[in-house]
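Visitor: would you be able to build a 3D model of this:
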Amino acid sequence: MAPRSLTRRRPKITATLDPDLLAAVDAHVAAHPELDRSAVIDQALRLWQAQEVERAMQAQFETPDNVKPAERQSWDALRRAAAVRQLGRHDPA
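Guide: Modelled structure (predicted):
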């Protein structure tokens, strides 16, 4: 199977960058001849995307879910009973 970058046409973009960041990218590319600016920017954007997903998940889990305490206790009891059935031992929680 061909690498993803070879199977899809990659759009060209124009971006204005901080000169110090561009110098750091160029120094990295000079030290790693197997890379080019696009590869470094791809990696940076993937890291940014992963960070955004992490932030979104954190916000989702920090948002109250409005589940009543009695209902949560019922779900917890069901979860513990299922764990006992599956694992043959009591869930410590």
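
Visitor: pull the longest helix from this protein.
Guide: Secondary structure assigned by DSSP state H gives helix 37-62 as the longest helix of the chain.

Visitor: in that one, what's buried?
Guide: Neighbour-count burial for helix 37-62 flags V40 (criterion: 16 or more other Cβ atoms under 10 Å). (Each C-beta comes from the backbone N, C-alpha and C, glycine too.)

Visitor: who are the packing partners of that helix?
Guide: If contacts are counted by 3 or more Cβ pairs under 8 Å, 6 or more residues apart in numbering; DSSP states H and E, helix 37-62 sits against helix 19-31.

Visitor: so how far is L35 from the residue most central in space within the chain?
Guide: Centrality entry for the chain: nearest residue to the mean C-alpha point is A50, 3.1 Å, by Cα atoms, centre = their mean. With distances defined as Cβ to Cβ, to the nearest Å, the gap from A50 to L35 amounts to 19 Å.

Visitor: likewise for A56?
Guide: Look at A56 and L35: by Cβ to Cβ, they are 29 Å apart.

Visitor: can I get the CA coordinates of stretch 16-30 in CSV?
Guide: C-alpha atoms of stretch 16-30 as CSV (Å, rounded to 0.1, in the frame of the first residue of the first chain):
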residue,chain,number,x,y,z
THR,A,16,2.8,33.9,7.2
LEU,A,17,5.2,32.5,9.8
ASP,A,18,7.1,34.0,12.7
PRO,A,19,10.7,34.3,11.4
ASP,A,20,12.2,32.6,14.4
LEU,A,21,9.8,29.6,14.0
LEU,A,22,10.7,29.3,10.3
ALA,A,23,14.4,29.5,11.2
ALA,A,24,13.9,26.6,13.7
VAL,A,25,12.1,24.6,11.0
ASP,A,26,14.8,25.2,8.5
ALA,A,27,17.5,24.2,11.1
HIS,A,28,15.6,21.0,11.8
VAL,A,29,15.2,20.2,8.1
ALA,A,30,19.0,20.9,7.6
